[in-house]
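J.: Below: sequence and its predicted model.
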Amino acid sequence: MPTLIERIHELKTRRNAVILAHYYQPGIIQDLADFVGDSLELSQRAKASNADVIVFCGVSFMAESAKILCPDKLVLNPNPSAGCPMADMVTPEDVRLLRSRYPEAAVVTYINSSAAVKAESDICCTSANAATIVRSLPHREIIFIPDQNLGQYVAGSSDKIFHYFDGYCPIHHRYTAEQVRRARSRHPGVPLLVHPESPPLVAEMADFVGSTSRIIAYAAQSEDRAFIIGTESGILHPLRKACTEKTFYRLSSKAICRDMKMIGLRDVLSSLEQDQYAVHLDASVQSRAAEALERMLAVC
Ligand code: 13P
Ligand code: SF4
């Protein structure tokens, strides 16, 4: 009797499918995937893939982004109820209102957003390329949507005028300066690596701020032997795989994104067996959102 993993591999080969997974996914899903990455790398991989079918293990905006970039492929989201609370905070109407208020500004939209919001935007960005995207624009004014923390982090190294939306990631937004002080006193001299979705005060106190991939690369290349990690707990799996001799402490044990834990092996199997659940988008939304995402990929 083949195991679940064997059945998934067999179906994957038969269907010429590729499994993409985010670093916050359960370890077993990361180990199953053909490629694990941050949001930027996953978009790039989806676009460059020769597969007929993409099984996207992440949250819904990620599978949607793959579909937007690969409209002719079958993109499967094994569990569409896995959303992103931050992406749900902003609507297309919010974007139109901000545009009418700041008509000279470019709308830069974090990839953690719905397809309909991307469709209202000039360009997308991820946590890995947000500063480069903002720099690439001729505009003096930026409307940054929806993450106020990432927006403020980028604004810190920019001379442009930023208008923020008040969205935030409920997981990262909970980090506090007090948690940083406590972690530093428990682990003196240990560097703190955080995601830019963290509050500005926490990012200022950190030794390194970067996307999930960059945090992993930083820890792997650093001569330090231990790190305090300020991002979602799923990242500990790839960190421990990449740095077997190093120690990782969590800034908070509560930094768990429930949406990122909603896909299991059985979901992936059903996905490949029964095309569960194919991502479909409104044609006009899809093509307008594609412009914003393609503009981002053309920059980096
Ligand atoms: P990355 O693009 O850095 O992987 O972040 C995605 C995300 O959802 C962070 O909460
Ligand atoms: Fe969304 Fe935050 Fe979960 Fe990332 S960690 S998917 S931003 S809720």
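T.: Nice, I can see it. Ligands and ions are numbered 1, 2, ... in the order given.
J.: Quick check, Arg15 in contact with Leu272.
T.: Yes. At 6.3 Å, Arg15 and Leu272 qualify as touching, with contact defined as C-beta atoms under 8 Å. All C-beta spots, glycine's among them, are computed from the backbone N, C-alpha and C.
J.: Could you tell me how many residues sit around Arg181?
T.: Neighbouring residues of Arg181 were enumerated by other C-beta atoms under 10 Å; the total is 11.
J.: Could you give the number of residues near Gln221?
T.: Gln221 sits with 10 neighbouring residues when counted by other C-beta under 10 Å.
J.: what's downstream of the helix or strand containing Leu193, the next helix or strand?
T.: Secondary structure assignment for Leu193, by DSSP states H and E: strand 192-194. Once the chain leaves strand 192-194, the next helix or strand it forms, by DSSP H and E, is helix 200-205.
J.: Name the next helix or strand downstream of that next one, please.
T.: With secondary structure assigned by DSSP H and E, helix 200-205 is succeeded by strand 208-209.
J.: Pull up the pairing partners for that next one, direction included.
T.: Based on DSSP bridges, the pairing partners of strand 208-209 within the sheet are strand 192-194 (parallel).
J.: sorry, back to before: distance from the chain centre to the strand holding Leu193, please.
T.: Here strand 192-194 shows a centroid-to-chain-centroid distance of 17 Å under the convention C-alpha atoms, centre = their mean, to the nearest Å.
J.: can you check stretch 285-300 too?
T.: Taking the mean of its C-alpha atoms, stretch 285-300 sits 16 Å from the chain's own mean (C-alpha atoms, centre = their mean).
J.: Can you mark which positions in that stretch are buried?
T.: Buried positions in stretch 285-300, judged by neighbour count with 16 or more other C-beta atoms under 10 Å: Val285, Gln286, Arg288, Ala289, Ala290, Glu291, Ala292, Leu293, Arg295, Met296.
J.: export those residues to a markdown table and tack on distance to ligand 1?
T.: Below are the buried residues of stretch 285-300 laid out as a markdown table (distance: C-beta to the nearest ligand atom, whole Å):
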| residue | distance to ligand 1 |
| --- | --- |
| Val285 | 21 |
| Gln286 | 21 |
| Arg288 | 22 |
| Ala289 | 17 |
| Ala290 | 19 |
| Glu291 | 21 |
| Ala292 | 16 |
| Leu293 | 14 |
| Arg295 | 18 |
| Met296 | 12 |
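J.: Just give me the closest of the residues you listed to Ser185.
T.: Met296 (40.3 Å; C-beta to C-beta).
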